[in-house]
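Pasting the sequence and the predicted coordinates here, then a few questions.
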Amino acid sequence: MANAEEKTNKLWEKIKDLPMEIFAIPNQTVKDHAKHEEGMDDVFPDAVYLTLRSTAAYPALEEALYTAAARNQIKLAKTEKFDISQQSRYTVVKIVPKDV
């Protein structure tokens, strides 16, 4: 499913270089604290599955995504938002419709 892989890779490309404020260490990015688990695209084509390097990365990831969306660093449609959840050992990031 090349299309599903393209979709998840495109989302990963959007978020991987976002700055994260974590452990008071400067110049940290999402990719420094999260590993994209490729190969999940066939099962879940609309989501990026990540393995976080520490539990502290979860709230920092949320903050990075919501801040980037609010500042238009990541272009989302007015009707879209990020959805971040924990599923088993993975942190799942996807773009979903906003609640009406």
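Arrived safely, thanks for sending. Numbering: from 1, shown residues only.

Now do the helices in the protein.
Using DSSP state H, the helices of the chain run over residues 2-15, 30-33, 57-70.

other SSEs contacting the second one?
Taking 3 or more C-beta pairs under 8 Å, 6 or more residues apart in numbering; DSSP states H and E as contact, the helices and strands that helix 30-33 lies on are strand 19-20, helix 57-70. (Each C-beta comes from the backbone N, C-alpha and C, glycine too.)

can you redo these as JSON lines with mean neighbour count, distance to residue 44 and mean pLDDT?
Shown next, in JSON lines, are the helices and strands packed on helix 30-33 (neighbours: other C-beta atoms under 10 Å; distance: least, C-beta to C-beta, whole Å; pLDDT from 0 to 100):
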{"stretch": "strand 19-20", "mean neighbour count": "20", "distance to residue 44": "23", "mean pLDDT": "93"}
{"stretch": "helix 57-70", "mean neighbour count": "18", "distance to residue 44": "18", "mean pLDDT": "93"}
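
can you list the weak-confidence ranges in this structure?
Low-confidence segments of the chain, defined by pLDDT under 70: 1-2, 4, 41, 100.

looking at the helices and strands packed on helix 30-33, which is closest to residue 88?
helix 57-70 (13.9 Å; C-beta to C-beta).

relative to helix 2-15, how tilted is the closest one?
Orientation of helix 57-70 against helix 2-15 (axes from the mean of the first three to the mean of the last three C-alpha atoms, to 10 degrees) gives an angle of 90 degrees.

got a list of contacts for helix 57-70?
For helix 57-70, contacts defined as C-beta atoms under 8 Å, 6 or more residues apart in numbering pick out 15, 18-22, 30, 33-34, 50, 52, 73-74, 76, 81-82, 84, 86, 91, 93.

Can I get the buried part of the residues you listed as one PyMOL selection?
For the buried members of these, the matching PyMOL selection, counting by 16 or more other C-beta atoms under 10 Å, is:
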select buried, resi 15+18+19+20+22+30+33+34+50+52+74+76+81+82+91+93
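
contacting residues around residue 46?
7, 8, 94, 95.

Which two of these have the greatest separation?
Across those (C-beta to C-beta), the longest gap, 11.1 Å, separates 8 and 95.

if we can go back for a sec, if we compare the helices of the chain, which one ends up closest to residue 40?
Judging those by C-beta to C-beta, what sits closest to residue 40 is helix 2-15, at 7.5 Å.
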